[in-house]
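Undergrad: model this:
(6 chains)
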There are 6 protein chains.
Amino acid sequence: MPYVNIKVTREGVTREQKARLIAGVTDLLVEVLDKDPATTFVVIDEVELENWGIAGVQTDVFRARKKAAAEQ
Amino acid sequence: MPYVNIKVTREGVTREQKARLIAGVTDLLVEVLDKDPATTFVVIDEVELENWGIAGVQTDVFRARKKAAAEQ
Amino acid sequence: MPYVNIKVTREGVTREQKARLIAGVTDLLVEVLDKDPATTFVVIDEVELENWGIAGVQTDVFRARKKAAAEQ
Amino acid sequence: MPYVNIKVTREGVTREQKARLIAGVTDLLVEVLDKDPATTFVVIDEVELENWGIAGVQTDVFRARKKAAAEQ
Amino acid sequence: MPYVNIKVTREGVTREQKARLIAGVTDLLVEVLDKDPATTFVVIDEVELENWGIAGVQTDVFRARKKAAAEQ
Amino acid sequence: MPYVNIKVTREGVTREQKARLIAGVTDLLVEVLDKDPATTFVVIDEVELENWGIAGVQTDVFRARKKAAAEQ
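TA: This next block holds a predicted model:
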């Protein structure tokens, strides 16, 4: 009876990619814990870049900094 | 001090239906656990059909399969 | 396909009270949104009093203050 | 490795306010628990007023009642 | 920067099974969405059977009913 | 009416540290968004090290690897 919540940044995840995430997570739960797919839920949340913080800053700032550091 | 999160698929839930869910859950917590409504939160999330998986597939696919099976 | 998460403070909620919460929330979703109980999940989390904050303080402090104010 | 989820009502929270929330929560976790900012996530959810219930009613109704009571 | 929360019933999931869930979900996010494992979190919650409801009843009751129906 | 959920690894967070997290987050929401502390909830979840994954492995494995790398 698993419930899985996947949060990713909202940047054009396609319907087909979501289908692969749902199928993949469900298969994993069947394989590892012998769960019944019929009662396995997977809910995907897409979060705006400015609503997701890491290292104390918003995701786009974080990525820009990382890229700048890599280029030095 | 309860916090309740209700996740349903996004398919035209009306303001009035949301009001009934909020009132109903709050009443239930008062009745069963004698909670104070003043400090009871209910948050409703509406999830796109393609973001909700069950039985390893997206909700619309799941429903189409179920309907096809029922019609046989 | 609803998923409901109920968070309450951990203070001796009985198995029977949990059963009533689960039945009550499921009935409500059937009644208001015509959801299928077979694919309705309700998960109850019990949270330690010292892990739940309201009004900037832990729940037991909050209650003690409220009681003291009521007695004045 | 903290993960923090902040849910607020959706009413025009600016990018700059979100940045302050993310920085503030991250600093707090560093200060109180000596957590590493590099592995600290903060996710902000903005919830429609009609999807948030308190005291058994939707947020806008709750506020209107409170305002009316204050004016009496 | 994904965050994944897996909720399963608490019934003796081993450390090794948890490791396989964490590795499997992380691999899936790399494969489908090209995410960076370094900033991928997976949090597993184990929920008591009496705290998880499905079809309006607690999980153990649900399973007993299902088993009884299968034996008829 | 904010609701904040803080998830950290379970490793001896004291009651006093939890109080500081609750006060700090509540103050931040008052300061940045002018929220009412009376309707601000903060819930802290403590997660076992083996239930938290990062970079595809459990937290203790992740830390051991990081330490080994730092020592080289």
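Undergrad: OK, contacts around A:Gly24?
TA: E:Gly24, E:Leu28, E:Glu31, E:Val32 (Cβ atoms under 8 Å, 6 or more residues apart in numbering or on different chains). Bear in mind the C-beta positions are built from the backbone N, C-alpha and C, glycine included.
Undergrad: again, only this time at 6 Å
TA: E:Leu28 (Cβ atoms under 6 Å, 6 or more residues apart in numbering or on different chains).
Undergrad: what helix or strand is it on?
TA: Using DSSP states H and E, A:Gly24 sits within helix A:15-33.
Undergrad: the helix or strand just after that helix and chain B in contact?
TA: Next helix or strand after helix A:15-33 toward the C-terminus (DSSP H and E): strand A:41-47. Yes: Strand A:41-47 lies within reach of chain B by Cβ under 6 Å from any Cβ of the partner chain, at A:Phe41, A:Val42, A:Val43, A:Ile44.
Undergrad: then stretch A:28-38?
TA: Yes: under the criterion of Cβ under 6 Å from any Cβ, stretch A:28-38 makes contact with chain B via A:Pro37, A:Ala38.
Undergrad: quick check: the residue nearest to A:Trp52 when sequence neighbours are not counted vs chain C, distance?
TA: Leaving aside its sequence neighbours, A:Trp52 sits nearest to A:Thr59 (Cβ to Cβ, 6 or more residues apart in numbering or on different chains; 4.6 Å). As judged by Cβ to the nearest Cβ, to the nearest Å, A:Thr59 and chain C stand 26 Å apart.
Undergrad: now swap in A:Ile22 and tell me
TA: For A:Ile22, the distance to chain C equals 13 Å [Cβ to the nearest Cβ].
Undergrad: ok, A:Ile54 next?
TA: 24 Å.
Undergrad: swap in A:Lys35?
TA: 13 Å.
Undergrad: before we move on, what about A:Pro2?
TA: For A:Pro2 relative to chain C (Cβ to the nearest Cβ), the value is 10 Å.
Undergrad: helix/strand/coil for A:Glu11?
TA: Three-state call for A:Glu11 (DSSP: H, G, I helix; E, B strand; the rest coil): coil.
Undergrad: picking that back up, mean confidence (pLDDT) on the helix holding A:Gly24, please.
TA: Across helix A:15-33, the average pLDDT comes to 98.
Undergrad: got the angle between that helix and helix E:15-33?
TA: Counting by axes from the mean of the first three to the mean of the last three Cα atoms, to 10 degrees, helix A:15-33 lies at 170 degrees to helix E:15-33.
Undergrad: what angle do helix A:15-33 and strand A:41-47 make?
TA: Using the same axes, to 10 degrees: helix A:15-33 against strand A:41-47 is 130 degrees.
Undergrad: can you list the residues of chain A near chain B?
TA: Contact residues, chain A versus chain B (Cβ under 6 Å from any Cβ): A:Arg15, A:Lys18, A:Ala19, A:Ile22, A:Ala23, A:Thr26, A:Pro37, A:Ala38, A:Phe41, A:Val42, A:Val43, A:Ile44.
Undergrad: and the nearest residue to the last one once chain neighbours are set aside, how far from chain F?
TA: Distances taken as Cβ to Cβ, 6+ apart put B:Asn51 closest to A:Ile44, at 4.2 Å, once the chain neighbours are dropped. When distance is defined by Cβ to the nearest Cβ, B:Asn51 is 20 Å away from chain F.
Undergrad: check contacts around the residue nearest to A:Trp52.
TA: A:Thr9, A:Leu49, A:Trp52.
Undergrad: which among those residues gets closest to chain B?
TA: A:Thr9 (14.0 Å; Cβ to the nearest Cβ).
Undergrad: for the closest one, list each beta-bridge partner.
TA: Taking DSSP bridges as the rule, A:Thr9 bridges to A:Val47.
Undergrad: next up, the contacts around it.
TA: A:Val47, A:Leu49, A:Trp52, A:Thr59, E:Met1.
Undergrad: which of those residues has the most neighbours?
TA: Most neighbours among the contacts of A:Thr9, by other Cβ atoms under 10 Å in any protein chain shown: A:Trp52, with 24 neighbours.
Undergrad: please work out which residue of chain A is closest to chain B.
TA: A:Ile22 (3.2 Å).
Undergrad: and the gap between that residue and E:Asp45?
TA: In this view, A:Ile22 and E:Asp45 are 19 Å apart by Cβ to Cβ, to the nearest Å.
Undergrad: okay, now A:Gln17: neighbour count?
TA: Neighbour number of A:Gln17 under other Cβ under 10 Å is 14.
Undergrad: which non-adjacent residue is nearest it?
TA: E:Val32 (5.3 Å).
Undergrad: which residue, other than its chain neighbours, is closest to whichever residue of chain A sits closest to chain D?
TA: Of all residues in chain A, the one sitting closest to chain D is A:Gly53 (3.2 Å; Cβ to the nearest Cβ). Nearest residue to A:Gly53, sequence neighbours excluded (Cβ to Cβ, 6+ apart): D:Ile22, at 3.2 Å.
Undergrad: separation between the one you found and A:Phe62?
TA: Taken as Cβ to Cβ, the span from D:Ile22 to A:Phe62 is 10 Å.
Undergrad: likewise for A:Leu28?
TA: 28 Å.
Undergrad: ok, these two, which is more surrounded?
TA: Shown here are A:Leu28 and A:Phe62; by other Cβ under 10 Å, A:Leu28 has more neighbours (22 against 19).
Undergrad: off-centre distance for stretch A:16-33?
TA: Centroid separation for stretch A:16-33 versus its chain: 13 Å, with Cα atoms, centre = their mean, to the nearest Å.
Undergrad: ignore what I typed, I meant stretch A:41-57.
TA: 8 Å.
Undergrad: so for that stretch, what gets flagged as buried?
TA: A:41-45, A:47-57 (16 or more other Cβ atoms under 10 Å in any protein chain shown).
Undergrad: okay, it in PDB with CA atoms only?
TA: The C-alpha trace of stretch A:41-57 is given here as PDB (Å, rounded to 0.1, in the frame of the first residue of the first chain):
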ATOM      1  CA  PHE A  41       0.100   5.500  -5.600                       C
ATOM      2  CA  VAL A  42       2.700   7.800  -7.100                       C
ATOM      3  CA  VAL A  43       2.100  11.600  -7.000                       C
ATOM      4  CA  ILE A  44       4.400  14.000  -8.900                       C
ATOM      5  CA  ASP A  45       4.700  17.600  -7.800                       C
ATOM      6  CA  GLU A  46       6.300  20.100 -10.100                       C
ATOM      7  CA  VAL A  47       7.800  23.100  -8.200                       C
ATOM      8  CA  GLU A  48       8.600  26.500  -9.600                       C
ATOM      9  CA  LEU A  49      12.400  27.200  -9.700                       C
ATOM     10  CA  GLU A  50      11.900  30.300  -7.500                       C
ATOM     11  CA  ASN A  51      10.000  28.200  -4.900                       C
ATOM     12  CA  TRP A  52      12.900  25.700  -4.400                       C
ATOM     13  CA  GLY A  53      15.800  26.600  -2.300                       C
ATOM     14  CA  ILE A  54      19.200  24.800  -2.000                       C
ATOM     15  CA  ALA A  55      22.300  26.100  -0.200                       C
ATOM     16  CA  GLY A  56      20.300  29.000   1.000                       C
ATOM     17  CA  VAL A  57      19.400  30.400  -2.500                       C
END
